[in-house]
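Trainee: pasting the structure only:
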């Protein structure tokens, strides 16, 4: 009888499962591991967002150029900063300048494309210019002018990026980043005479092509 009772008690203890304390320990360990994983993944996620913002600018610039060539139109490119509902959006805006082509009709502003948050148009004051050396006097710097030529800039039908008044080719750079996070600095350069668009990143002490 005693042996049977002992076996019954042992079986009961095995079948009753985890105690509340044991479950709390398991949950605490799981939370700790998850937090460590998030900390490890955050730099990679931020870098991916920075790369995404760079691709958005590159793609829009190239699309503006291709549209200008294919449709034989002037296509203006701007970089508006819009505050909406307490949120700041950093955008790329394409406008087809039909008014500059006889009989083509009115200008058409295409839907703006916001860059990937939390990236912003930002020039890091402690970093050197990109290897293209188009200047780094401002976050948007074209033709040696902060923000670009006062009357704007546009791609024309031969693919060149030109100043809107002079129709002369201009080089320039769009800088992006987040203050205090040098490794997330990105840039997109445009060579005016050909319309060539290139991306750059600054991950570890030097500019490398994107």
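Mentor: Perfect, thanks for sending it. Just so it is clear, the structure is predicted and the values come from calculations on it, not from any experiment. Numbers count the residues shown, from 1 in each chain.
Trainee: for the closest residue to residue 80 other than its chain neighbours, grab phi and psi.
Mentor: Sequence neighbours aside, residue 91 is the residue nearest to residue 80 in space, at 5.1 Å (criterion: CB to CB, 6 or more residues apart in numbering). In this view, the C-beta of every residue, glycine as well, is placed from N, C-alpha and C. With angles defined as degrees, to the nearest 10, residue 91 sits at phi -120, psi 160.
Trainee: residue 94 pairs with what?
Mentor: residue 77 (DSSP bridges).
Trainee: gap between it and residue 80?
Mentor: Between residue 94 and residue 80 the computed distance is 11 Å (CB to CB, to the nearest Å).
Trainee: out of these two, which sits in the more crowded spot?
Mentor: residue 94 (22 against 12; other CB atoms under 10 Å).
Trainee: give the contact list for that one.
Mentor: Listed by CB atoms under 8 Å, 6 or more residues apart in numbering, the contact partners of residue 94 are 60, 63-64, 67, 75-77, 109-110.
Trainee: farthest-apart pair in those, please.
Mentor: The span of these, defined through CB to CB, is set by 63 and 109 at 14.3 Å.
Trainee: the more surrounded of the two?
Mentor: residue 63 (17 against 11).
Trainee: could you find the closest non-adjacent residue to the more buried one?
Mentor: Leaving aside its chain neighbours, residue 63 sits nearest to residue 94 (7.1 Å; criterion: CB to CB, 6+ apart).
Trainee: also residue 149?
Mentor: Closest residue to residue 149 apart from its sequence neighbours, by CB to CB, 6+ apart: residue 163 at 4.3 Å.
Trainee: tell me what the one you found is bridged to.
Mentor: Beta-bridge partners of residue 163, as defined by DSSP bridges: residue 153.
Trainee: what helix or strand does the residue minimising distance to the centre of the chain sit in?
Mentor: By CA atoms, centre = their mean, the chain has its centre lying nearest to residue 53, at 1.4 Å. Of the helices and strands defined by DSSP states H and E, residue 53 is found in helix 20-71.
Trainee: elements contacting that helix?
Mentor: strand 75-78, strand 87-96, strand 113-114, strand 153-155, strand 172-177, strand 186-191, strand 196-201 (3 or more CB pairs under 8 Å, 6 or more residues apart in numbering; DSSP states H and E).
Trainee: again, only using 6 Å
Mentor: Here helix 20-71 touches strand 75-78, strand 87-96, strand 153-155, strand 186-191, strand 196-201, going by 3 or more CB pairs under 6 Å, 6 or more residues apart in numbering; DSSP states H and E.
Trainee: could you export the ones you listed as CSV, including mean pLDDT?
Mentor: Shown next, in CSV, are those (pLDDT from 0 to 100):
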stretch, mean pLDDT
strand 75-78, 98
strand 87-96, 95
strand 153-155, 98
strand 186-191, 98
strand 196-201, 97
